[in-house]
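>>> sequence and predicted model, in that order:
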Amino acid sequence: MATRSIIAVPQADGWQGRFCESDGHVDWMGRTLWKLVDRHGLQAVRKTLVTGDTYGWAYLNPDQTGPLDRSRSDGRYVRVDGYGVAFTPLHGGATAGTWLLPGDERLYGAEWVYVLADDGLWVQNDDHLPIPAVRWDGQPPDWNHLAVRASW
């Protein structure tokens, strides 16, 4: 079963974000977001994953390139090289103006929220317990240890 998540940017009253259908557990998604920000920069990652013309994500994998597999070649998905596989308007429901907001986690079955803040990555689990920012300007954390801390 997929671990659903939300990838978000901070707002004055919380966050707004996009749905990510699978591989959302902190030990994968934390590493992935860290790698993307290290590779492309925070502003580019925010734009590509959240504030640009995306509709949401099937999954993120910064190392995967090439054509979509047959199960995703029906027009509902598009590969974004260096990022992963995003939804298209044909996926249904979402548009570029559809935002997920605090409180939408349960509605979408999201177990994790990742906020791409200026100072670092804020992680919130499905119990709404935020984990302090993992700072962008340091060494990558021990993601497995962070996952254990987050899984109360």
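On my side now, so go ahead.
>>> how about low-confidence regions in the chain?
1, 93-96, 126-130, 132-133, 144-152 (pLDDT under 70).
>>> which helix runs longest in it?
Criterion DSSP state H: the longest helix present in the chain is helix 26-40.
>>> quick one: the strands in this protein?
Counting by DSSP state E, the chain has strands at residues 5-11, 14-20, 57-60, 77-80, 84-87, 112-116, 120-125, 130-135.
>>> list the buried residues of the fifth one.
Going by neighbour count (16 or more other CB atoms under 10 Å), the buried part of strand 84-87 is Gly84, Val85, Ala86, Phe87. For glycine as for every other residue, the C-beta is placed from the backbone atoms N, C-alpha and C.
>>> excluding chain neighbours, give the residue nearest to the first one in space.
So the one you mean is Gly84. Leaving aside its sequence neighbours, Gly84 sits nearest to Leu60 (CB to CB, 6 or more residues apart in numbering; 3.9 Å).
>>> go ahead and confirm that neighbour touches Arg18.
No: if you go by CB atoms under 8 Å, Leu60 and Arg18 don't touch, sitting 10.8 Å apart.
>>> what number of residues lie near Ala2?
14 (other CB atoms under 10 Å).
>>> tell me, how many residues neighbour the nearest residue to it once chain neighbours are set aside?
In space, and not counting its chain neighbours, Ala2 is closest to Ser22: 3.5 Å by CB to CB, 6+ apart. By other CB under 10 Å, the residues close to Ser22 number 18.
>>> many thanks, have a good one.
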